[in-house]
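Undergrad: Below: sequence and its predicted model.
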Amino acid sequence: MSEHKIELTINGRRQQATVEGRKTLCDFLRVDTGCTGVHVGCEHGVCGACTVIIDGLAVRSCLMLAVQTDGCAVTTVEGLAAPDGALHPVQQALRDEHGVQCGFCTPGVVMTLAALTDGPKRPDADTLLDAMSGHICRCTGYQGIRRAACKLASKTGAEKP
Ligand code: FES
Ligand code: FES
C-alpha cells in the first residue's frame, strides 16, 4: 500500500501527515484531523455535503484524494468563524433566514457560499442561487437557504435590481 507524506494548511494551521494514496480528502479531514464538520452523504460528488475550500475554491472533498492537497490551504467549516466565535457572514445569514434544519447539508452550503462571497468577485443573487443548485437538502429547506443566498448577494452590492 503506497503512503505519501503531505504538508498542508488546515484552517490556518500548518500540518504534516502521512496518507495512503487512496485516502479521500473527506476521510482524511474527518478521521485524521477531527474536522467532522465535513459531512459525507453520497460519496460521489452529487450532494455537496462534503464541500470544503481549497486555495479559495469550493471543492467536493469526496472527489479528491488527500495526497492531492499537498502544499494547499484547506478550510473546513470549523475554520470559518472568527477566533472570538463571531459567525462568518454566511453562517449569520443562514441563521437569520432559518436556512438550517437538521444541519446535515449545512457545512457544504456554507463553504460554497463562503468561497463565492469571500472571493475576488462580487457574486450576484443568480450566481449564488445557481451554486446552491449543487447542494441537496434532505429536509427540503431550500427557501431559507435561498433567502440567505439572496441576502448575501445584496450585502455585496451586486444584487440585480
Ligand atoms: S459526499 Fe461529496 S458530494 Fe456528496
Ligand atoms: S438541513 Fe437537513 S439536510 Fe439540509
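TA: Great, that's in hand. Ligands and ions are numbered 1, 2, ... in the order given.

Undergrad: where exactly do the strands run in the chain?
TA: Taking DSSP state E as the criterion, the chain carries its strands at 3-10, 13-20, 51-54, 57-60, 73-75.

Undergrad: residues near residue 51, how many?
TA: 30 (other CB atoms under 10 Å). C-betas here are computed from N, CA, C, even on glycine.

Undergrad: and if you look at residue 58?
TA: If we define neighbours as other CB under 10 Å, then residue 58 has 20 of them.

Undergrad: How about the contacts made by it?
TA: Going by CB atoms under 8 Å, 6 or more residues apart in numbering, residue 58 touches 51, 52, 111, 112, 115, 116, 131.

Undergrad: Write a PyMOL command that selects only the buried members of those.
TA: Listed next is the PyMOL selection for buried residues among the contacts of residue 58, using 16 or more other CB atoms under 10 Å:
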select buried, resi 51+52+111+112+115+116+131
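
Undergrad: Take the contacts of residue 58 and write them to TSV, including distance to ligand 1 and pLDDT.
TA: Output for the contacts of residue 58, formatted as TSV (distance: CB to the nearest ligand atom, whole Å; pLDDT from 0 to 100):
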residue	distance to ligand 1	pLDDT
51	7	98
52	10	98
111	11	98
112	11	98
115	15	98
116	17	96
131	14	97
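
Undergrad: Tell me which residues are up against the worst-scoring helix or strand of the chain on mean pLDDT.
TA: Every helix and strand of the chain was ranked by mean pLDDT, DSSP states H and E. The lowest is helix 142-156, at a mean of 90. Contacts to helix 142-156, defined as CB under 8 Å, 6+ apart, come from residues 89-90, 93-94, 96-101, 109, 113, 117, 122-125, 127-129, 131-132, 135, 137, 159.
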